[in-house]
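>>> The amino acid sequence is not available; the structure is as follows:
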């Protein structure tokens, strides 16, 4: 089975459409959370995400927008974007966000795989470093966990009792690229497909991944998208300018 992995779309319709146009043929789409927040097209992105499939994990922005999370945990820019998004969403879409399931999500057809937003130990916890990853890798006997939240494409692998970080290697800027990561059955992995709509690893291109459950290979992708239009929508909505400018730097 080939699984298209999307995470942290953050209402960026242009980035999502570019990812979908570039994605190879697949059997299933899994959304790892934070469908909304930051960007200018929350209703449109929800509609597109719903049309792709039914496997979702809730993210912290999904919770905050739908009133399930206190905004005191957000910085002022994220808080303002959350309030704006809440005002834009239809009642039906707000209820849909409110009903999204908490990870980990397990699928019968994919044994040994789980899907979360943050850490499998805490849905709101960030796993940025190998040190952050060591506890869930050691304590949870699941071979492969797909997660989002950090907006950092790559992940972590447990070798013995040592957690090592992995980042895909790319050579160009502004062009579509992909990078394969063959997995080994004897190891445990935490894999982040990267952020579709708000990358924070210094690469502005939209990120996603594909997992081939038979070949046991993860392929990471980076694709350019219409950055200018996405920025103009943020500015036209009178959202904080920082949300538009940081798209160009991937930070």
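Nice, I can see it. Please read all numbers here as calculations on a predicted model, not as lab measurements. Numbering: from 1, shown residues only.
>>> Only C-alpha atoms from now on, for both contacts and neighbour counts.
OK.
>>> What segments of the protein are helices?
In the chain, helices defined by DSSP state H lie at 13-22, 42-52, 60-65, 76-88, 91-98, 130-139, 227-236, 241-245, listed in chain order.
>>> roughly how far apart are the residue nearest to residue 129 when sequence neighbours are not counted and residue 132?
The spatial neighbour of residue 129 that comes closest, neighbours along the chain excluded (Cα to Cα, 6 or more residues apart in numbering), is residue 165 at 7.1 Å. Distance from residue 165 to residue 132, counting by Cα to Cα, to the nearest Å: 10 Å.
>>> Please apply the same query to residue 27.
Counting by Cα to Cα - residue 27 and residue 132 are separated by 32 Å.
>>> What of residue 230?
Counting by Cα to Cα - residue 230 and residue 132 are separated by 32 Å.
>>> returning to what we had before: look at residue 27 and residue 132 and report which has more neighbours.
The neighbour count for residue 27 versus residue 132, taken as other Cα atoms under 10 Å, is higher for residue 132 (15 against 9).
>>> Give me the phi and psi angles of the residue lying closest to that one once chain neighbours are set aside.
Of all residues not flanking residue 132 in the chain, residue 126 sits nearest, at 7.6 Å (Cα to Cα, 6+ apart). The phi/psi pair for residue 126 (degrees, to the nearest 10) reads phi -90, psi 130.
>>> Model confidence for residue 126, exactly?
We have a pLDDT of 95 for residue 126.
>>> again with residue 43
Model confidence at residue 43 (pLDDT) stands at 98.
>>> That one and residue 94 touch, don't they?
No: here residue 43 does not reach residue 94: they are 9.5 Å apart, not a contact under Cα atoms under 8 Å.
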